[in-house]
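1. Quick one, fold the following:
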Amino acid sequence: MKGMAKRTAAKEYNLSVQKGSKVHEAKPAAYHTFSIRRKGKLKQFSFTQGYGHFIAVLKAVKNELELREKVKEGLTPIDIEPIKNYLQLSQSRLAETAAVSESTVSRWSASSPIGKSASAQFIKIDQLIAQGVELFGSEEAFHEWLTSTNLALGNVKPLDLLVDPVGLDMVEAAVDAMNQGNVL
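-> Numbers count the residues shown, from 1 in each chain. A predicted model of the protein is given here:
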């Protein structure tokens, strides 16, 4: 079609190969690439599969329907432990972020679901962390930004806004703005 970019998606897979009695499973590579050719110039883009940065169970998620199922199933305290550690959340901050009481957090068992709304909040936080790490170049650099006061966010530390959906949206908007070249 004239004027339209010719798109080719190239997914790399380790193919199933049967050798003797061993079967090697097909697994998608960590990176997928796609190419766009416009006016004779080829530009390639790469992206990682999955939605998670710290939440390991999200790394296998391929689309938003699967992500929705993960929210419905609910994450476990084990799933969110890396986020808790990265953000250095106390039990009271963890409870506030999950929108539950501290006594509820203390009753969570390692493998029991934490609930849909808490799961959705931590998934969004994990996605924000993935964006921030990509933008800032390292977990340490993004953490430093999260823990520094930010004039554009009302002279508040972005970390302090992650405890509720509205605050999380504000921090996401700030990270998105920086991705677009704005300085915050």
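
2. Ignoring the adjacent residues along the chain, who's closest to the residue most central in space within the chain?
-> Nearest to the geometric centre of the chain sits Gln127, at 2.2 Å (CA atoms, centre = their mean). In space, and not counting its chain neighbours, Gln127 is closest to Tyr51: 6.2 Å by CB to CB, 6 or more residues apart in numbering. C-beta coordinates here come from the backbone N, C-alpha and C atoms, glycine included.

3. show me the contacts for the one you found.
-> 58-59, 61, 67, 123, 126-127, 130 (CB atoms under 8 Å, 6 or more residues apart in numbering).

4. Those residues in strands, which ones?
-> Among these, no member falls in strands (DSSP state E).

5. ChimeraX command for the buried members of those?
-> Burial among those is assessed by 16 or more other CB atoms under 10 Å; the matching ChimeraX selection reads:
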select :58,61,67,123,126,127,130
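
6. can I get the contacts of Tyr51 in JSON lines with distance to Gly115?
-> Listed next are these as JSON lines, based on distance: CB to CB, whole Å:
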{"residue": "Leu58", "distance to Gly115": "17"}
{"residue": "Lys59", "distance to Gly115": "22"}
{"residue": "Val61", "distance to Gly115": "19"}
{"residue": "Leu67", "distance to Gly115": "16"}
{"residue": "Ile123", "distance to Gly115": "12"}
{"residue": "Asp126", "distance to Gly115": "16"}
{"residue": "Gln127", "distance to Gly115": "18"}
{"residue": "Ala130", "distance to Gly115": "22"}
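
7. got the residue ranges for the strands in the protein?
-> 6-10, 13-14, 17-19, 22-24, 27-28, 31-38, 41-48.

8. Can you tell me the closest non-neighbouring residue to His143?
-> Tyr86 (6.8 Å).

9. residues near the one you found, how many?
-> 18 (other CB atoms under 10 Å).

10. Equivalent analysis for Val71, please.
-> 18.

11. roughly how far apart are it and Ser106?
-> The spacing between Val71 and Ser106, counted by CB to CB, to the nearest Å, is 23 Å.
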